[in-house]
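Student: Have a look at this prediction, sequence included:
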Amino acid sequence: MDQKAWSQRRRLHVDDAYLQSGFYTSSANSTIMTLLLLTACFVMSLIGTSLGPVMVIRALKMKATQVEIGLIGGMSSFTYAVMTLSAFYVSKMIGRKKALMYALASYTIALLTYLVATNPYQLMIGRAIEGMAWGLFWPFVETVLAELLGVESMVPKFSTAWSSGAIVGSMLIAVLLKIEPPIYLLIYMTVVMAYLLPLTKLKISSDRTREMEKLGLKGLAMGLRSLWHGWTLLVVSYVCMGLWLALTPAHMKTWGYEDFIIGLCLFTLMSMRTLTFILLERMSKALNEKQLENIFLVLPVAVIVPVLTRKPIHVIIASAALGVGLGLVYATVLRQVLSEGRMAREVMTGLFEFFIGIGFFIGPTIGGLLASIEEELAYIGCALITALAVMMYRLHKM
C-alpha cells in the first residue's frame, strides 16, 4: 500500500481490522451496512423462531411419528452444521456479498417449499434448505459485524438484535397456529426478498489475503483444539435448546397445553436469554468468573422439569431458567471465539455456528428417537449429558 493511500485511510479514522476486512471505506456505507445487518439479524431470527415450532406442530397435524417430528426439528440443523464449515470457502470463492444474497435466496426457496408441502417428508426438505441458508447467513454476519464494531461492542449488540427477534418470533407462534400457512409464509417470503434489494447497492469485498488462503484445514484443526471445552459446552447447551424448541412444543400439545401457553413458554425462554445478554456486563462486574459458570448448572435442572411435573407454571419457570443458562453459555463462548486473531476469526465463527448446528440436530433427532421409546427419556438423557458437560468445563477451568 502506498503512503498516500495509507494517509487517506488514517484520516478516515477507520479501525484497522475493518480496513483489512476488505470493506469499502465509506463511513456512510459502513453505517448502512451495520444497521442493515443488525436489522437482518432481528428479522431473520424472528422468522426462524416463529417457524420452527409451527412447522413441528404442522407435522403433528400431518400424523407424523415422534421420529419424523424429531427429524423435521433437526434436519435444518444438520444441513446448517455442514454449511457453516463450508461458509468460509464459499465466501472466499464468490465473495461475502454474493454469499449473503445466496443465503437469503435459499431461505426464500425454503419458505416456498413449506408453502406447497403436503406431508412430513416435504417439510423435511424445506427444513434442509432452511438450514443451508442459515449456514451461510450467520457466520458471515458475525464476522462482518465484529470487523465493523469491534468484539466488545459487537457481542452485546449482535446478541441483543437476534435474540430480540427471537422474542417477537416466539410471541407470533400462537398467532401463526391460528391462521393458514399461505398467509404468513407469503408475508415472510416478501420480507426476505426485500432484503436483497439494498444489498445490490452496498460495497462489500472479501478478505482474500495470502494469510487467509493458508488457513484451510490447518485453521479448522487449530480452532478445534484451542476451544474444545467451550465447543463441548456450546453443543450440549444447544442440545437443550433444540429439544425445547423443536420437540417440546409437540409434546406440550399432547399434554393439553393451549396454543397461548406453548407460545408463552418459548417467549419466556427468549426473553430471559435476551435479558441475560443485556445484563451481561453488569453480571460480569457483580459476579466473578466462577460464580457465573455456576449458573450454567441451571441447564440440566431446567431440562429435567417435564419429567417431574407438567404443570404449565413449572414448565414456564423452567423455560426462564433455560433462557438464562443458554444466554450465558452463548455469550461466554462467542467472546472466546471472537478474541482470536482477525485471520482466524472467519474460520472460528464458522466453527461456532457448526457446533450450534450440531447441538440443534442432536437435540430433536436423538430426543425424538428416545421419546419414541418413552417420552421422559428425551429429557433425562439431555439433562445427564448437559450436567456432565458443565462439570467437564468447570474442571478444565480449575
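Tutor: Cool, the structure landed.
Student: what is the mean pLDDT for the helix or strand where Glu152 lies?
Tutor: Using DSSP states H and E, Glu152 sits in helix 151-176. On average, the pLDDT along helix 151-176 is 85.
Student: ditto for stretch 42-62
Tutor: Rounded mean pLDDT across stretch 42-62 is 90.
Student: Could you list the low-pLDDT ranges of the protein?
Tutor: 1-29, 151, 200-226, 340-346, 397-398 (pLDDT under 70).
Student: for it, which helix is longest?
Tutor: Identified as the longest helix of the chain according to DSSP state H is helix 27-61.
Student: relative to helix 151-176, how tilted is that helix?
Tutor: Calculated by axes from the mean of the first three to the mean of the last three CA atoms, to 10 degrees, helix 27-61 forms an angle of 40 degrees with helix 151-176.
Student: buried ones in helix 27-61?
Tutor: Buried residues in helix 27-61, counting neighbours by 16 or more other CB atoms under 10 Å, are found at 30, 33-34, 37-38, 40-60. From N, CA and C alone the C-beta is placed, and that goes for glycine too.
Student: quick one on the thing from earlier: how far does the helix holding Glu152 sit from the chain's center?
Tutor: Taking CA atoms, centre = their mean, to the nearest Å, one finds helix 151-176 lying 10 Å from the centre of the chain it belongs to.
Student: which outside residues touch whatever helix or strand comes next after that helix?
Tutor: Once helix 151-176 ends, the next helix or strand along the chain (criterion: DSSP H and E) is helix 181-194. The contact list for helix 181-194 (CB atoms under 8 Å, 6 or more residues apart in numbering) reads 43-44, 47, 50-51, 58, 104, 107-108, 111-112, 114-115, 176.
Student: List the buried residues in helix 181-194.
Tutor: Neighbour counts over helix 181-194 (16+ other CB under 10 Å) mark 181, 184-185, 188-189, 192 as buried.
Student: just stretch 373-388 next, same as before
Tutor: Under the neighbour-count criterion of 16+ other CB under 10 Å, stretch 373-388 has 375, 377-379, 381-383, 385-387 buried.
Student: thinking again about what came up before, report the two of the contacts of helix 181-194 separated the most.
Tutor: Greatest spatial distance among the contacts of helix 181-194 (CB to CB): Arg58 and Leu104, at 23.2 Å.
Student: List the buried residues of the helix or strand containing Pro249.
Tutor: Using DSSP H and E, Pro249 sits in helix 248-254. Going by neighbour count (16+ other CB under 10 Å), the buried part of helix 248-254 is 248-253.
Student: what sits against Val315?
Tutor: 252, 265, 305-306, 309.
Student: 10 Å - rerun?
Tutor: By CB atoms under 10 Å, 6 or more residues apart in numbering, the contact set of Val315 is 244, 248, 251-252, 255, 257, 261-262, 264-265, 268, 302, 305-306, 309.
Student: again, but for Tyr379
Tutor: Tyr379 neighbours (CB under 10 Å, 6+ apart): 240, 243-244, 247-248, 251, 300, 302-308, 367, 370-371.
Student: mind saving the C-alpha coords of the host helix or strand of it as PDB?
Tutor: Element membership for Tyr379 (DSSP H and E) is helix 375-397. Coordinates of each C-alpha in helix 375-397 appear next as PDB, following Å, rounded to 0.1, in the frame of the first residue of the first chain:
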ATOM      1  CA  GLU A 375     -41.200 -39.600  26.300                       C
ATOM      2  CA  GLU A 376     -39.300 -38.900  29.600                       C
ATOM      3  CA  LEU A 377     -36.100 -40.500  28.300                       C
ATOM      4  CA  ALA A 378     -35.600 -37.500  25.900                       C
ATOM      5  CA  TYR A 379     -35.400 -35.100  28.900                       C
ATOM      6  CA  ILE A 380     -33.500 -37.400  31.200                       C
ATOM      7  CA  GLY A 381     -30.800 -38.100  28.500                       C
ATOM      8  CA  CYS A 382     -30.500 -34.400  27.700                       C
ATOM      9  CA  ALA A 383     -30.200 -33.500  31.400                       C
ATOM     10  CA  LEU A 384     -27.400 -36.100  32.000                       C
ATOM     11  CA  ILE A 385     -25.200 -35.100  29.100                       C
ATOM     12  CA  THR A 386     -25.600 -31.400  29.900                       C
ATOM     13  CA  ALA A 387     -24.700 -31.900  33.600                       C
ATOM     14  CA  LEU A 388     -21.600 -33.900  32.500                       C
ATOM     15  CA  ALA A 389     -20.500 -31.200  30.000                       C
ATOM     16  CA  VAL A 390     -20.900 -28.400  32.500                       C
ATOM     17  CA  MET A 391     -18.800 -30.300  35.100                       C
ATOM     18  CA  MET A 392     -16.100 -31.100  32.500                       C
ATOM     19  CA  TYR A 393     -16.000 -27.400  31.600                       C
ATOM     20  CA  ARG A 394     -15.600 -26.400  35.300                       C
ATOM     21  CA  LEU A 395     -12.800 -29.000  35.800                       C
ATOM     22  CA  HIS A 396     -10.900 -27.700  32.800                       C
ATOM     23  CA  LYS A 397     -11.100 -24.100  34.100                       C
END
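Student: just curious, which of the buried residues of helix 248-254 is nearest to Leu172?
Tutor: Out of those, the member with the shortest distance to Leu172 (by CB to CB) is Pro249, at 13.4 Å.
Student: if we can go back for a sec, so which of the buried residues of stretch 373-388 comes closest to Leu149?
Tutor: If you rank the buried residues of stretch 373-388 by distance to Leu149 using CB to CB, Thr386 comes first, at 31.6 Å.
Student: Which residues are in contact with the closest one?
Tutor: For Thr386, the contacting residues are 233, 235-237, 239-240, 296-297, 299-304, 325, by CB under 10 Å, 6+ apart.
Student: Pull out the buried members of these.
Tutor: 233, 235-237, 239-240, 296-297, 299-300, 302-304, 325.
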